[in-house]
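A.B. asks: next comes the sequence, and after it the predicted model I'd like to discuss.
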Amino acid sequence: MRLLTIGSGLRGAKVAEILHKKGVKVNRVPLFKCFAVLNNEEHLRSISIGDDRKYYVHGLKGDVSGFVNQITSLYEIFEGSLVLTSLEDDFGYITSLELCQRLRKVTEDAVISLAIVPQLDTSSIGEIKKRIRSLRDVSDILILFEGEVGVERKILEVMNLVALAGEIDLKKRVAGEVVVDTSDVFNALKSDGFAIAGLAERKIPFNFKNLIFRRNSELKAVRTRRMIELTEEALQNVSINGDVENAKSALLLFAGKPDELTMEGLFSSIAMIENINRDIVVRYGDYPIPGSRKVSAVLIFSGIRKFRFA
């Protein structure tokens, strides 16, 4: 999934910078085409994205119509837009609203907002909830991450795996057992309310004796159990404390060495999610990464309307 990616405000631009540097590539093509919109010259210089990808806006409510016209006239194919911001950044928030509105007018692709929610005192919660509602109204999909330490890396890992959905690496010539394409991702995430994401990773220990002496059935059981445990961990490691019991839909993605992914593990994980909410619609898939020494799971719930701070 190739995404036109825009960081609005300093925090959003920093996330865009990370995606620019470490975002996934397939067939040598970056899946994130990253830009930054800022109203501070010093901040503009601090972002390590090419000068032709950075746009200066004067004031708190500057005009971004020229920027949107510029990027949407590029001779490149995108399957959606991703607007990154922090809800505590007034410029970033206000500009992200205008960016989403204009992108929806000039493109037919889905517009995804990804907002970092600051850790707040009680007096600030009302304003942040208002901003969440406003951002949801101008986006097709809204994903929330609480602004804890290390959230940028978590966003990177989640979005890398989501972007890989439906991609086929022509060089490796390997496809997943269950292929989820871009439309599946968008359909899973499009719903009233907002989305939250859980992430889990596990390194695969290399044990030569296991490969020789363990039977195939034993190895398969170990791999299946690992996938189930990763799903449990992702459930406990969501991006913000949302009401998952009332989520409308979920997207479950695994990535790793093909031998380490089992259908039993996938369907057992789906059953676990369905036990939380019998009415939830679960879409799922896997992305094989030959030679990988880790297995990753991303679990995204959408259609959530309530969240609370820890």
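C.D. replies: Received the coordinates, thanks.
A.B. asks: only C-alpha atoms from now on, for both contacts and neighbour counts.
C.D. replies: Fine.
A.B. asks: for the chain, give me the ranges with low pLDDT.
C.D. replies: 120-123, 168-179, 206-215, 217, 308-310 (pLDDT under 70).
A.B. asks: which residues are in contact with the residue positioned nearest the centre of the chain?
C.D. replies: Computing the C-alpha centroid of the chain and ranking residues by C-alpha atoms, centre = their mean puts M159 first, at 3.2 Å. Counting by C-alpha atoms under 8 Å, 6 or more residues apart in numbering, M159 makes contact with nothing.
A.B. asks: can you name the next helix or strand after the helix or strand where V158 lies?
C.D. replies: In the assignment (DSSP states H and E), V158 maps to helix 151-164. Once helix 151-164 ends, the next helix or strand along the chain (criterion: DSSP H and E) is helix 182-189.
A.B. asks: who is the closest residue to V151 other than its chain neighbours paired with across the strands?
C.D. replies: With C-alpha to C-alpha, 6 or more residues apart in numbering as the criterion, V151 has its nearest non-adjacent residue at 7.3 Å, and that residue is F145. F145 has the following beta-bridge partners by DSSP bridges: I116.
A.B. asks: so F145 makes contact with E152?
C.D. replies: No - contact between F145 and E152 fails when scored by C-alpha atoms under 8 Å: they sit 9.4 Å apart.
A.B. asks: between these two, point out the one with more neighbours.
C.D. replies: F145 (23 against 19; other C-alpha atoms under 10 Å).
A.B. asks: thinking again about what came up before, and the residue nearest to the centre of the chain, how far from F91?
C.D. replies: 24 Å (C-alpha to C-alpha, to the nearest Å).
A.B. asks: what are the phi and psi angles of the closest residue to L135 other than its chain neighbours?
C.D. replies: In space, and not counting its chain neighbours, L135 is closest to L97: 6.1 Å by C-alpha to C-alpha, 6+ apart. Main-chain dihedrals, L97, degrees, to the nearest 10: phi -60, psi -50.
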